[in-house]
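> Any chance you could fold what I've pasted below:
(chains A, B, C and D)
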2 protein chains.
Amino acid sequence: MTKGYSTSNDFDEVDLKLLTFIEDDFDVSLDELSDELEISKSAVHYRLNKMKESGVIKGITADLNPEPFELDMVAITEVSVTHEKGYSTDIGNKLADINGVEQVYYTMGDVDFMVLTRVQDRNQMNEVIDQMVAIDGVNETSSRFVMDEVKNNPKFMNNFSQE
Amino acid sequence: MTKGYSTSNDFDEVDLKLLTFIEDDFDVSLDELSDELEISKSAVHYRLNKMKESGVIKGITADLNPEPFELDMVAITEVSVTHEKGYSTDIGNKLADINGVEQVYYTMGDVDFMVLTRVQDRNQMNEVIDQMVAIDGVNETSSRFVMDEVKNNPKFMNNFSQE
DNA sequence: AATGAAATCGACCAGCA
DNA sequence: TGCTGGTCGATTTCATT
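Numbers count the residues shown, from 1 in each chain, chains lettered A, B, ... in the order given. Coordinates of the predicted model:
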């Protein structure tokens, strides 16, 4: 974040509306956004550029469907570590680097990491768990299988609009 | 998914390379992709269109930075339900609809749902938890605060390339 | 599936409020 | 600083192979 936008106060209504739109769908033309926001195409472009440069917009990405890749086995694993050595950013990164691991959170409380894994089948899941316990400092793991991904598409602007 | 791409076998190397690129960064020119894949710009465009239409590419979205919105409080909550009535898709959807709730998974085992919540402060977090326990059928909740989001940017192609 | 040409759209710039 | 309008280059579309 090079400049501007240190707090939410730096956004006007048009910015918020723009962000809400493009967080949901960026596969639209400038004309469409221009119509919706009732500002000129150039102005839309100007605001987008500014937010990209400032880091408010981290990037533009394609959201893929896991189904065609048969990535339909998902598990959530609690990982406990032995609290000997200095702290566990190291272990967190090693967990994150395992193939199939999608999300890693370092948490307060009885367990240290929550890990979400997505793979194609039980064999791959076993491999992932094996790699977790093989990490130096990992003490114990406990996994739950996900039967249904009710919601897994974070949209910050939804959370923010409650303010 | 209207046609094609029912299994991973329907993708050739170029498709996989293309998907790997755009899942990470779609803010690139056709020329860049054309160079990288060593096919013509039109061919890139053709493949992209096909994958959008077939649903392999679910959409193009902007990835936003939570920091400017001060959405830096994250918690993971285990939700248990009373298993009386018919099943709990209903409860899952109600959890998903709560403002601030980002992810909801229906899981096997001792708890029924894992919920990830992102809000601005403790007050908002309390509100969210209140709304969870207020849902009819919700029995018990247990929350852990997230100290560090080690990894939270799912990339299917990373998981897939292990195959 | 892929190509090349024609039509459309987006990126960039100088200038203005 | 935010925006405008115009130019140029990039993208989309389509007939063709």
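
> any idea which residue of chain A is furthest from its center?
Distance from the C-alpha centroid of chain A, by Cα atoms, centre = their mean, peaks at residue A:40 (31.8 Å).

> Tell me the residues of chain A that contact DNA strand C?
Taking Cβ under 7 Å from any atom of the strand, the part of chain A that reaches DNA strand C is made up of A:28, A:29, A:30, A:31, A:41, A:42, A:45, A:48, A:49. For every residue, glycine as well, the C-beta is placed using N, CA and C.

> any idea which of these has the most stuff around it?
Neighbour counts for those, by other Cβ atoms under 10 Å in any protein chain shown, peak at residue A:48, which reaches 20 neighbours.

> check which helix or strand covers that residue.
Using DSSP states H and E, the element containing residue A:48 is helix A:41-54.

> So what does the residue farthest from the centre of chain A have for phi and psi?
Main-chain torsions, residue A:40, degrees, to the nearest 10: phi -70, psi 160.

> Can you give the contact residues for stretch A:101-114?
A:76-81, A:88-89, A:91-92, A:95-96, A:115-118, A:128, A:142, B:74, B:76, B:144-152, B:154-155, B:159 (Cβ atoms under 8 Å, 6 or more residues apart in numbering or on different chains).

> The same query, at a cut-off of 7 Å, please.
A:76, A:78-81, A:88, A:92, A:95-96, A:115-118, A:128, B:76, B:144-152, B:154 (Cβ atoms under 7 Å, 6 or more residues apart in numbering or on different chains).

> quick one: which of the residues of chain A next to DNA strand C is nearest DNA strand D?
residue A:42 (3.3 Å; Cβ to the nearest atom of the strand).

> Distance-wise, check the closest one relative to residue A:13.
19 Å (Cβ to Cβ, to the nearest Å).

> cool, and residue A:155?
18 Å.

> same thing with residue A:156?
Relative to residue A:13, and taking Cβ to Cβ, residue A:156 is found at 17 Å.

> And these two? Which one has more around it.
Between residue A:156 and residue A:13, counted using other Cβ under 10 Å, the more crowded position is residue A:156 (19 against 8).

> list the contacts for that one?
Counted by Cβ under 7 Å, 6+ apart, residue A:156 has contacts A:23, B:64, B:66, B:69, B:71.

> mind running it again at 10 Å?
Applying Cβ atoms under 10 Å, 6 or more residues apart in numbering or on different chains to residue A:156 gives the contacts A:19, A:20, A:23, B:63, B:64, B:65, B:66, B:68, B:69, B:71, B:102, B:118.

> Neighbours of the residue lying closest to it once chain neighbours are set aside, how many?
Distance criterion Cβ to Cβ, 6 or more residues apart in numbering or on different chains; nearest residue to residue A:156, sequence neighbours excluded, is residue B:64 at 4.9 Å. When counting by other Cβ under 10 Å, one arrives at 24 neighbours for residue B:64.

> and if you look at residue A:66?
Counted with other Cβ under 10 Å, residue A:66 comes out at 20.

> ditto for residue A:77
Residues near residue A:77, counting by other Cβ under 10 Å: 21.

> quick one: is the host helix or strand of it near chain B?
In the assignment (DSSP H and E), residue A:77 maps to strand A:73-81. Yes: judged by Cβ under 10 Å from any Cβ of the partner chain, strand A:73-81 comes into contact with chain B at A:74, A:75, A:76, A:78.

> packing partners for that strand?
Judged by 3 or more Cβ pairs under 10 Å, 6 or more residues apart in numbering or on different chains; DSSP states H and E, strand A:73-81 is in contact with helix A:89-97, strand A:101-107, strand A:113-119, helix A:122-133, strand A:138-151, strand B:73-81, strand B:101-107.
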